[in-house]
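Visitor: fold the following.
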Amino acid sequence: MISRKLIRTDLNLLVALQILLEERNVTRAAERLSVSQPALSKTLQKLRDSFEDELFTRTAHGLVPTPRAEELGAELPVLLETVERVLGSTEFSPETFVGSFKLLLPPILCESLLPGLVAELHEVAPSIQVVTAEVTPDYQDQLKKGEADFAAFVAVETERDIHAEPIAAIAPRCYMRVGHPLEDKEMDLQDFLAYSHLRLYLPGLTRNTSMVDDVLGQYGVHRNIALETTQFAAAVGVLTRTDSLLVANAGFQEGGLYDGRIVGHEMPAELQRMIRNTHSSNRGKMSLMRHTRTSRSAPHQWMRALLMKHLTSSPEVVQPPPSPGELLPDGAAVGAR
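Guide: Next up, the predicted model:
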């Protein structure tokens with residue numbers, strides 16, 4: 001039998017308590033609950049009256065839960081998960097679902113992801129719309145505010161309520177125009193450094209160097225960068241009219257958009273191995289990010305799985321990196337053509 005106390009209890013109070021336990025900060029908790037701080041303070045007072053306990057004490061470092069609040073914190077997640085499962089028990093069917101998902105993506109990732117993703121959506125979920133925008137420095141805020149559903153970028157530091165799921169590494173390739181002097185040659189490191197390079201970047205997100213430059217810099221050598229740009233299509237246009245090279249994710253070539261204009265070449269073996277090791281240990285990993293509130297949304301979880309399917313490839317075996325002496329045996333500077 002349902003007690004009178006339960007009848008009088010506002011279950012939203014328990015949600016607020018859980019968020020306060022997670023954040024230990026009234027400002028952040030209010031933001032997550034989309035309420036003002038005064039409103040949340042009133043909610044906290046209702047919780048204190050209901051449980052006849054202070055629940056939290058304020059300190060210079062935030063809220064500290066009382067023993068009673070910690071006891072509740074051990075039980076609340078299971079309780080709220082059960083309630084959410086009951087409320088969200090409607091079966092999800094991609095074939096009949098009508099809705100849209102906004103993705104924040106680097107331009108080059110659009111090249112590799114969208115052709116296959118949209119083609120599959122046409123087959124299995126024809127009423128789902130995908131909206132893309134370029135990932136910007138405030139992408140975590142956009143996820144928190146619900147202005148975007150997913151973002152893909154290198155997850156160096158993420159906020160507590162942003163979930164980052166690493167994407168398996170895709171080996172980079174070196175791109176050049178059709179008919180380039182290196183097209184049919186087994187390229188070594190000196191060949192790679194002998195030509196000028198193009199470099200893609202995202203303002204406010206990527207540094208002025210890339211993984212390639214980080215690795216080369218460890219050995220005192222540098223590429224000659226002829227062009228830095230945020231526009232992938234512009235970089236491809238420059239490639240087709242010069243002998244410059246572009247290091248880029250191998251996945252975008254699968255779309256076939258540039259067949260007959262540019263070709264992908266294997267990176268120098270020793271440099272490719274070092275890039276992978278540096279990427280995994282020092283620079284963070286490309287990740288698919290979303291807000292934790294989507295964790296139990298059936299449409300979001302279905303789309304997450306589909307995105308990971310199209311973003312992930314089988315990573316190749318990473319070999320041990322060569323020593324500095326093996327990278328440039330003579331230590332000679334290599335000029336740019």
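Visitor: which residues in the protein form strands?
Guide: For the chain, the strands defined by DSSP state E cover 56-59, 62-65, 99-105, 128-134, 150-154, 162-166, 172-177, 197-200, 225-229, 245-249, 262-265, 286-291.
Visitor: for Arg24, find the nearest of those.
Guide: With C-beta to C-beta as the criterion, Arg24 lies closest to strand 62-65 of the strands of the chain, at 4.4 Å. In this view, the C-beta of every residue, glycine as well, is placed from N, C-alpha and C.
Visitor: export that closest one to PDB, keeping only CA atoms.
Guide: Listed next in PDB are the C-alpha coordinates belonging to strand 62-65 (Å, rounded to 0.1, in the frame of the first residue of the first chain):
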ATOM      1  CA  GLY A  62      31.400  23.500  -2.100                       C
ATOM      2  CA  LEU A  63      28.700  21.400  -0.400                       C
ATOM      3  CA  VAL A  64      29.700  18.500   1.900                       C
ATOM      4  CA  PRO A  65      27.000  15.800   2.300                       C
END
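Visitor: show me what counts as buried in that strand.
Guide: Using 16 or more other C-beta atoms under 10 Å as the burial criterion, the residues of strand 62-65 that qualify are 63, 65.
Visitor: hmm, who's touching it?
Guide: Residues outside strand 62-65 that contact it (C-beta atoms under 8 Å, 6 or more residues apart in numbering): 20-21, 24-26, 55-58, 73.
Visitor: picking that back up, dump the strands of the chain into JSON lines; add distance to Arg8 as well.
Guide: Shown next, in JSON lines, are the strands of the chain (distance: least, C-beta to C-beta, whole Å):
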{"stretch": "strand 56-59", "distance to Arg8": "23"}
{"stretch": "strand 62-65", "distance to Arg8": "24"}
{"stretch": "strand 99-105", "distance to Arg8": "37"}
{"stretch": "strand 128-134", "distance to Arg8": "42"}
{"stretch": "strand 150-154", "distance to Arg8": "40"}
{"stretch": "strand 162-166", "distance to Arg8": "35"}
{"stretch": "strand 172-177", "distance to Arg8": "61"}
{"stretch": "strand 197-200", "distance to Arg8": "59"}
{"stretch": "strand 225-229", "distance to Arg8": "62"}
{"stretch": "strand 245-249", "distance to Arg8": "57"}
{"stretch": "strand 262-265", "distance to Arg8": "67"}
{"stretch": "strand 286-291", "distance to Arg8": "32"}
